[in-house]
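> sequence first, then the predicted structure, then my questions.
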Amino acid sequence: MIQSALQILRTTFGYEQFRLNQEAVIDHLIKGGSALVLMPTGGGKSLCYQIPAMVRSGTGIVISPLIALMQDQVSSLIQLGVRAAFLNSTLAVSDAKRVEQQLLDQQLDLLYIAPERLLTPRMLDLLQRTPLALFAIDEAHCVSQWGHDFRPEYIQLSILQERFPQIPRIALTATADETTRADILQRLGLQRGRSFISGFDRPNIRYRITEKRNAREQLLSFLENEHRGDAGIVYCLSRKKVEDAADWLRQRGWNALPYHAGMTTEQRERNQRQFLTEEGVVIVATIAFGMGIDKPDVRFVAHLDLPKSLESYYQETGRAGRDGQPADAWMAYGLQDVIMLRQMLESSQAEERHKRIERQKLEAMLGLCEVTGCRRQVLLSYFGERLDRPCGNCDTCLEPPQTWDGTEAARKALSCIYRTGQRFGVNYLIDILLGKTNERNQRFGHHKISTWGIGTELDSSQWRSVFRQLVASGYVTVDIDGHGSLRLTDQCRPLLRGEQRLMLRKDRKKEPKQKPAHSRRSSFVSDSDRRLWEALRNLRKECADQQGVPPYVVFHDATLMQMAELRPRTLSEFKEISGVGQHKLERYGEQFVALICNHDETGEIV
Ligand code: ADP
Ligand code: ZN
């Protein structure tokens, strides 16, 4: 049985080997077992049900809440020569009728259905009259009321085990802690099935957090140095900032489009569509953007503002590199972020218990920003997973930050806050430490206090760094008065009494020069390579436009990149490229091989 699965992997999908738990899951399903599969984004969950659905007789029914994605998924399958269709509210009645007929005539390997439609008595009836291979429940964490994507329809999916006890069920998700997992097993009646759990890690994502100086300029140089022509997402906290940043990037020649809840539905859909179907679009968005975005070739996710928790950070950055190719998670972070988030939290009307949880989450987020060790280790351990060794693919691994003994500086900063009555913000305090007179500190008589001018060994940006770290690590808190006044917390005492030393992170003076995570560009040795890559992308876009599908449905970046590297000159060489199955070989082989041959003959001779 597993032999025929491997056969399908190779001839239909054009891949050589199974990944992670794929083989075990597929084997288990083919034999009629049910399963819960937890795999990180981009791990390859789809094959886990697609292949068994093709091997087993009958149709595989895929339940997914993300209606917007069904079309793409089905287009991708049809490109591979798989008999697939979908049923949801976007379909005209006559089209839906046709699909139902195909189902009854047993002409489908896979049918994607929205949960609310599946649950109609009519549909359940129809399914009962049809041979079925399996039920796949995608985004299975939606059954859990604890998660943030709870969908009431998902609870009712328990009907599947009652009405179709003989049909294997597979539930899949990328985000499930213990509680959610238990919920999935119970609600979908999978207690007797097997669980296949792969780790959370996304090794192809390079995590980078840099100190904010001029965030936009820093973003621009990151984009220009490493991501020309790439698709990516830039997250900002507010609508206004989204608009501003998108305008600003456009003026600098980037195809940047805004996305936030204040725009009309049509505007949002247009921009999202463009992001999906065109190459190299940068979407600048609030967190309103992302759910249900399954674009595989997002090469970077940048944050201009700090997310509120590691959960949000991980989910947002997780939209990068779903195709397994190198991708960047880049963030600029500074004192103002810390102050603003602390302020928002402290002044919120929420219950104290709720605030305490939020505070812990923020603490963990700040911890990630200030850590001097491997960022991935911190992230994974937050999600309950251990990484034994530093990852080697985050900024702190690649260029370990230096530390310095900041005990004295911290004590000066703390007593300055204290001596001025815990009523002032950072800029004011720094002027006092540096002994810079201004109208305000004269008026308050602060040029006469003992901390006046005691901090000239550091400059103002170094002082900002000290204050940032003091706030981040909880020695200092931000008042809820709205002016950003700093106050001491109890945690300060041992430090002020000289019983504790404090090591601080040295901010980098310049953006560290890092070899782009994106191996594509660095692997291009010549201009000719780059030209070929561009030509292949253009041809892919033409093919995609002719059929009205996004380019990645035709070929993924990884596949195209291999073409540029291996330069297949015959159809049998072309077939060896990962991601080229029988169907795509027949449909595209000649055009692409011709382009490559032509390039090799003309491209080099200049
Ligand atoms: P998930 O749903 O887990 O986020 P997908 O099923 O979309 O991930 O797969 C992510 C990418 O990996 C897709 O481009 C898919 O074609 C590719 N992929 C999956 N399995 C394999 C494999 N065994 N070998 C090579 N590529 C694979
Ligand atoms: Zn690391």
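Thanks, I have it. Ligands and ions are numbered 1, 2, ... in the order given.
> when you work out contacts or count neighbours from here on, use the C-alpha atoms and nothing else.
OK.
> so Ala24 belongs to a helix, correct?
Yes - using DSSP: H, G, I helix; E, B strand; the rest coil, the secondary structure at Ala24 is a helix.
> ok, now how distant is it from Ala5?
Taking C-alpha to C-alpha, to the nearest Å as the measure, Ala24 falls 11 Å from Ala5.
> for Lys541, same thing?
Distance from Lys541 to Ala5, by C-alpha to C-alpha: 31 Å.
> again, but for Lys355
Lys355 is 50 Å from Ala5, by C-alpha to C-alpha.
> now Ile51
6 Å.
> could I get the phi/psi values of Glu499?
phi -100, psi 0 (degrees, to the nearest 10).
> burial count for it?
By other C-alpha atoms under 10 Å, the residues close to Glu499 number 8.
> ok, Glu224 next?
Glu224: 12 surrounding residues under other C-alpha under 10 Å.
> which SSE is it in?
Per DSSP states H and E: Glu224 is located in helix 215-226.
> right, and the helix or strand after that helix?
Going down the chain from helix 215-226, the next helix or strand is strand 231-235, by DSSP H and E.
> show me what that next one is packed up against.
In this structure, strand 231-235 packs against strand 282-285, strand 298-303, with contacts taken as 3 or more C-alpha pairs under 8 Å, 6 or more residues apart in numbering; DSSP states H and E.
> swap the cut-off to 10 Å and go again
helix 239-251, strand 256-259, helix 265-277, strand 282-285, strand 298-303, helix 310-317, strand 327-333 (3 or more C-alpha pairs under 10 Å, 6 or more residues apart in numbering; DSSP states H and E).
> let me have these in CSV, adding mean pLDDT and distance to ligand 1 as columns.
CSV is the format used below for these (pLDDT from 0 to 100; distance: least, C-alpha to the nearest ligand atom, whole Å):
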stretch, mean pLDDT, distance to ligand 1
helix 239-251, 96, 27
strand 256-259, 97, 23
helix 265-277, 92, 15
strand 282-285, 97, 20
strand 298-303, 97, 12
helix 310-317, 90, 12
strand 327-333, 97, 14
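> what comes up buried for the helix holding Glu224?
215, 218-220, 222-223, 226 (16 or more other C-alpha atoms under 10 Å).
> for that helix, packing partners?
Helix 215-226 sits against helix 239-251, strand 298-303, strand 327-333, helix 519-523, with contacts defined as 3+ C-alpha pairs under 10 Å, 6+ apart.
> identify the residues contacting Gly425.
339, 417, 478-479, 483-487 (C-alpha atoms under 10 Å, 6 or more residues apart in numbering).
> quick one: contacts for the nearest residue to it once chain neighbours are set aside?
For Gly425, ignoring the flanking residues on the chain, the nearest one in space by C-alpha to C-alpha, 6 or more residues apart in numbering is Ser485 at 4.3 Å. Residues near Ser485 by C-alpha under 10 Å, 6+ apart: 339, 343, 417, 421-426, 428-429, 477-479.
> just the ones of the residues you listed in strands?
Counting by DSSP state E, the contacts of Ser485 place 477-478 in strands.
> out of the contacts of Ser485, list just those in helices.
When those are checked against helices (DSSP state H), the matches are 339, 343, 417, 426, 428-429.
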